[in-house]
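Novice: sequence unknown, structure follows:
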């Protein structure tokens, strides 16, 4: 605001001087406007510098590590043995003291413990269930896997049990009911055995 006021005053003085020159009434003794110089606030700056110096000194004091606390040395004192009385030594007093009366022991009840058999070893396989063989026709000879019939040898390779169309593999040939091999005709196919007849003789081939 002071700069604006000074500018207005200077503009007014310039206008009055020009008007006087135009009218011929200008005086050379008319003082020219000289703006006042601002004084630098020295006291305020010194106060600010002093406050900054105090703040720095306080920060240095707070950041300085505290001195270690003094440690007190404590001397160990050995305990003094108790003095025995001259009238009665310690050993005599201990021997003369009667022993404490022992309380009768309470009866302990015994509980029978059932013997548990040791567990089976992990390496031993579980026992296999007993194999139940299907019944064979009366008067038929039973062979396990292979039947040696003199000039003929029949070997049962596998069975495909089916309710509608069962098949047996004998001597590497697939045979159904009613089909034959080497003079022997398949009469019946079961999941574990095959019944064949040749002439008046009947045999049963069972899987191994």
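Specialist: Happy to help now that I have it. Computed from a prediction, not measured in an experiment: that's the story for all the values here.

Novice: and the chain, what are its domains?
Specialist: 1-30, 141-206 (automatic domain parsing).

Novice: hey, which of the ones you listed is tucked in deepest?
Specialist: Of all the domains of the chain, domain 141-206 has the most neighbours on average by mean count of other Cβ atoms under 10 Å, namely a mean of 15. For every residue, glycine as well, the C-beta is placed using N, CA and C.

Novice: and that one, how far apart are its ends?
Specialist: 11 Å (Cα to Cα, to the nearest Å).

Novice: tell me the average confidence for it?
Specialist: For domain 141-206, mean pLDDT rounds to 91.

Novice: Can I get the domains of the chain in a markdown table including distance to residue 51?
Specialist: Listed next are the domains of the chain as a markdown table, based on distance: least, Cβ to Cβ, whole Å:
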| stretch | distance to residue 51 |
| --- | --- |
| domain 1-30 | 28 |
| domain 141-206 | 108 |
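
Novice: Tell me which of the ones you listed lies nearest to residue 49.
Specialist: Between residue 49 and the domains of the chain, the tightest spacing by Cβ to Cβ is seen for domain 1-30, at 26.9 Å.

Novice: So what are the sheet partners of the longest strand seen in the chain and their directions?
Specialist: Ordering each strand of the chain by length in residues (DSSP state E) puts strand 152-160 first. Strand pairing for strand 152-160, determined by DSSP bridges: strand 146-149 (antiparallel), strand 167-170 (antiparallel).

Novice: Nearest to residue 23, out of those strands?
Specialist: Residue 23 lies closest to strand 167-170 among those, at 146.1 Å (Cβ to Cβ).

Novice: All the strands of the protein, residue numbers only.
Specialist: With DSSP E as the criterion, the chain has strands spanning 141-144, 146-149, 152-160, 167-170, 173-175, 180-181, 184-189, 193-198, 201-206.

Novice: what packs against the first one?
Specialist: Strand 141-144 is packed against strand 201-206, with contacts defined by 3 or more Cβ pairs under 8 Å, 6 or more residues apart in numbering; DSSP states H and E.

Novice: Give the partner strands of the strand it packs on in its sheet and their orientations.
Specialist: strand 141-144 (parallel), strand 193-198 (antiparallel).
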